[in-house]
Structures are given as C-alpha cells and as structure tokens.
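Student: Pasted the sequence and its predicted model underneath.
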Amino acid sequence: MKRLCFSLTVILFSLVSPGQEHYLIVGTYDSPKSEGIYVYKFNSIDGSVKEAGHIKTSNPSYIAISPDQQFVYAVHENGKDGKGGEVAAFSFNKQTGKLTLINQQSTGGDHPCYVEVDKTGKWVFAGNYSSGSLSVFPVATNGGLAPASTLIQHEGAGKNLQRQKGPHVHCTIMSADNKWLYVPDLGTDKLMIYQFDAGTGKLIPGKQPYSASEPGSGPRHFTFDRDNKYGYLIEELSGTVVAYKYKNGKLKKMQRISTMPAGDTSFAGSADIHVSPDGKFLYASNRSNSNTIAIFSLTQKGKLTLIGHQSTLGKTPRNFNFDPSGKFLLAGNQNSDEIVIFNRDPASGLLSDSGRRIVVGKPVCIKWITSL
C-alpha cells in the first residue's frame, strides 16, 4: 500500500509540475536587508515560493535573462566620475538555481538602471541614467561580456529643472523582430529610436529618430503589446501612458491617458508598465503617495480604457511582473522590503491579494526563468 501511494504521488507530481514551477529572479538595491540577486522557486499553481539562494553583487537594480535562459545580466547601479556603472554576466544552473559570476564590464557611464539582451543573445544593451548614455556589449561564447563596442551619448534637457537638467536614459527595449531599439530618455522628453544590426551590433538613428513626449513628462519605460502592433510608454513625471501604433520601426501616437486615481493630484512617480500575457490588459505602477497599479483594458485597436486601481499594499512599486502562467502579478515594493503576490482575474483583469509575501530588502526588478 505504501509503495502504491508513493507511485501515485510520483505520477501526480509528474503530471502537475512540468511548466508549473519556475525560477523567480529578483534584483535589489543594497541595504541592510539585501545584498544582491535572489533566486526563488515559484509554483504557478498556488503562488507558493521557496528561496533557492542568492549571490552577492552591488546594486543589481535591473536584470535581464538570455534567450536560452543560461545567463543572467545585471547592472551595478553605481556612479563615480562618469564611469562608475557596470554590467555583470552570470551563468545560471537550472538544476540548482545557482548563479555564478562570469565577468563584468564598465558601462562607460554612471548609474546604469536598465539592461536588455537582443533576440540572438549575442548583444547586451545598458542604459546609464545619470550620464544619459547607452552602451552595447558583444557577448562571448561563454556568456561573458566583452568591453562595450558602442557608446551613444544623448544630449539635451527638459522643462523640469529639478529632474531634467540633462539626458537620463531609463530603458532599452528591443523590438520583437530584433531590428529596432527603443530608448526612453527621461531628461530630454524623447523616446529615441535606433535601427539595430544584429550582425555587427551597430546602432544608427531610425528614419523616425524619436517620438517627442509632452514637455516635462519624463518618459521612463516602454513596452509592446502581445502582437507587436502597438507600443506603450509610461511617463514618470506626469503619470501618463502614451499609446502608439507601431509599424516597421515607426511610432504614431494615438492616445495619452492618466494612470492616477481620480482626484489624486500628488506626484505620480510612475515606474513600470506591462501588458498581460493574454494581451487583454495593460498595467502601470505609480509610486510616491499613490502606491498603486493602474489597470487598463485594451481594445482590438490598441487603445486603453481605465478599469481600476489596485493598492500595492506597500511602498514604492518600482517594478512588477506577471508569473509565466499569467495567474499572478508580483509587485516589488522597494521601500517596504517585500514583494506582494496578487491573484489576477483573467476575465476582468482585476487584482486581489493572495496573502502571500516574499520578504526581501529593496526589491526593484522581477524576472523569470521558466520551467525548472
């Protein structure tokens, strides 16, 4: 009887676990409660989490996963005389969840806050916030990084004298066809567009070199819809989302809408933006006093309708992400030192508290390596 029960348990586990357990990779800011990149095992059936380990590294505020999921790249968001930033490369063991440092390279600027890998896995892009520049790194066969092959320096300023005295690159997003790199610059109120050559790693300005945001709005993060017909930009300083038609690298504005709750006139500090895996809803986070995630439905023509707000039940939701199943949304509350796990209703798009928390100091980036 015991042997039969054991066999049934093994069979049941084999039926449930494939595709349901994933690695959750969390980047943090250095603090008394955190010291690097944390790895967790996440169960997409019930939202349960178990820590698998972590690796010490300096201020890994944003991370990216290689297309083959064998490597993890993390910025070191530090600054010193214009050359304090770095990007580090790690190998990832899918059997154990262990990260191992391969090497690190200078980003050629200060306070890099974003990193992206192209679709071939052969090039890595980093955006330097304080320096207003972006760099391109060739990837070696072992996943490590060669010195930057390209450094592009932005120029200009914006209307907000406190936040926009100079350029501030905040994001580097590659298009699905791997031909275009989109770079929101919070300091210049421009969403820059670069044509990318995956053979050489070269970037050149697109025929449409940029899309201008409203003065003082502060473009921060950019994303595409599931079918790559529309793009969405979140603007940090104005608390707004801009929707674009997208075709052949070009963007055409079609809507601009607030992310803030009605009557809330406080500073938005908007941060992150994602379309749900099912392609039906868009979510955008607000920090400052609001600490909410705005929820929008998407029409077939890519326009947004606000359907509600969800408190993140913490402070400063700098980053959030969906688990691979789309059943859960995880919000990283930077200043309350925890990740809150929300249930997501696939029909309505609305969120509810699952009651589950991940206690980790200064969580600022959430990524996934799928299927253990």
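Tutor: Okay, I see it.

Student: List the buried residues in stretch 74-85.
Tutor: By neighbour count on 16 or more other Cβ atoms under 10 Å, the buried set for stretch 74-85 is A74, V75, H76, E77, N78, G79, G84, G85. Every C-beta, even on glycine, is put in place using the N, C-alpha and C of the backbone.

Student: Phi first, then psi, for the fourth one.
Tutor: Think E77. For E77, the backbone dihedrals (degrees, to the nearest 10) come out as phi -80, psi 70.

Student: Wait, it touches G85, no?
Tutor: Yes: shown here, E77 and G85 form a contact pair, counting by Cβ atoms under 8 Å, at 6.9 Å.

Student: Can you pull the residues that touch both of these two?
Tutor: With Cβ atoms under 8 Å, 6 or more residues apart in numbering applied, the overlap between the contact sets of E77 and G85 consists of H111, P112.

Student: Next, the contact list for F42, please.
Tutor: Residues in contact with F42, defined by Cβ under 8 Å, 6+ apart, are E21, H22, Y23, L24, S48, V49, D323, W368.

Student: That one bridge partners, please.
Tutor: In this structure, F42 has the following beta-bridge partners (DSSP bridges): H22, V49.

Student: Please apply the same query to C365.
Tutor: Residues in beta-bridge contact with C365 (DSSP bridges): G27.

Student: can you tell me which residues contact it?
Tutor: Contacts of C365 were listed using Cβ under 8 Å, 6+ apart, and they are V26, G27, T28, P60, S61, Y62, I63, R318, N319, G332.

Student: switch to 7 Å and redo it
Tutor: With contacts defined as Cβ atoms under 7 Å, 6 or more residues apart in numbering, the neighbours of C365 are V26, G27, S61, Y62, I63, N319.

Student: F125 too?
Tutor: V115, E116, L134, V136, T172, L181.

Student: In a strand, it, correct?
Tutor: Yes: the assignment for F125 is a strand, going by DSSP: H, G, I helix; E, B strand; the rest coil.

Student: Against K229, how distant is the nearest residue in space to it that is not next to it in sequence?
Tutor: The shortest distance from F125 to any residue that is not its chain neighbour, by Cβ to Cβ, 6 or more residues apart in numbering, is 4.1 Å, and that residue is T172. Here T172 is placed at a distance of 21 Å from K229 (Cβ to Cβ, to the nearest Å).

Student: which one of these two has more residues nearby?
Tutor: Between T172 and K229, counted using other Cβ atoms under 10 Å, T172 has the larger neighbour count: 26 against 14.

Student: okay but the more buried one is in contact with L134, surely?
Tutor: Yes: judged on Cβ atoms under 7 Å, T172 makes contact with L134 at a distance of 5.8 Å.

Student: Alpha carbons of stretch 280-287, as PDB, please.
Tutor: What follows is stretch 280-287, C-alpha atoms only, in PDB (Å, rounded to 0.1, in the frame of the first residue of the first chain):
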ATOM      1  CA  LYS A 280      -6.100  41.800 -22.900                       C
ATOM      2  CA  PHE A 281      -4.900  44.300 -20.200                       C
ATOM      3  CA  LEU A 282      -2.200  46.800 -19.500                       C
ATOM      4  CA  TYR A 283      -0.800  47.600 -16.000                       C
ATOM      5  CA  ALA A 284       1.200  50.600 -14.900                       C
ATOM      6  CA  SER A 285       2.700  51.300 -11.400                       C
ATOM      7  CA  ASN A 286       2.600  54.600  -9.500                       C
ATOM      8  CA  ARG A 287       5.000  55.300  -6.600                       C
END
